[in-house]
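1. Generate coordinates for the sequence data below:
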Amino acid sequence: MKEKSEFSKISSSYSQIGPYLGLGTQLAAVVILMFFLGRWIDQKLSTTPLFLISFSILGSAAGIYNFIKSVLNLNEKKNVEK
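-> Residues are numbered from 1 along each chain as shown. From the prediction side, this is the model:
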């Protein structure tokens with residue numbers, strides 16, 4: 001019986017942290033994708049640092065915005081459930 005209560009505690013913990021696990025990867029993916037997109041456009045247009053810097057800043061801002069928005073939405077859902 002004790003094993004089931006420990007198992008339920010562990011599964012409850014994982015279900016609570018599950019939605020937050022992918023946020024860091026998502027943030028990094030947006031920044032990296034925008035960096036390489038800017039680099040590719042610079043190579044095509046021969047405007048070396050212009051689009052690389054612009055898209056890197058844009059990707060960082062978009063990634064941080066999405067991260068904050070997701071965390072606030074998840075916290076709001078958590079508070080509504082209580």
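2. CA atoms for contacts and neighbours, from now on please.
-> Noted.
3. Below-threshold pLDDT in this structure: ranges please.
-> Scanning the chain for pLDDT under 70 picks out the ranges 1-4, 82.
4. if we go to 80?
-> 1-7, 9, 12-16, 18-19, 77-82 (pLDDT under 80).
5. for it, longest helix please?
-> helix 48-81 (DSSP state H).
6. Look up how far residue 63 lies from residue 8.
-> Computed as CA to CA, to the nearest Å, the residue 8 to residue 63 distance reads 34 Å.
7. residues in contact with residue 54?
-> Residue 54 makes contact with residue 38, according to CA atoms under 8 Å, 6 or more residues apart in numbering.
8. so how far is residue 69 from it?
-> According to CA to CA, residue 54 and residue 69 sit 22 Å apart.
9. ditto for residue 25
-> From residue 25 over to residue 69 (counting by CA to CA), the distance is 15 Å.
10. Neighbour count for the two, which is higher?
-> Neighbour count, other CA atoms under 10 Å: between residue 25 and residue 69, residue 69 has more, with 12 against 9.
11. Against residue 75, how distant is the more buried one?
-> 10 Å.
12. swap in residue 20?
-> 10 Å.
13. Find residues that contact each of those two.
-> With CA under 8 Å, 6+ apart, residue 20 and residue 75 have no common neighbours.
14. what number of residues lie near residue 23?
-> For residue 23, the neighbour count with other CA under 10 Å is 17.
15. And for the residue lying closest to it once chain neighbours are set aside, the neighbour number?
-> Excluding the flanking residues, the one nearest residue 23 by CA to CA, 6 or more residues apart in numbering is residue 67, at 6.3 Å. Residue 67: 18 surrounding residues under other CA under 10 Å.
16. ok, residue 67 - contacts?
-> Neighbours of residue 67 in contact, by CA under 8 Å, 6+ apart: 23-24, 27.
17. Just name the closest of those residues to residue 38, please.
-> residue 27 (16.9 Å; CA to CA).
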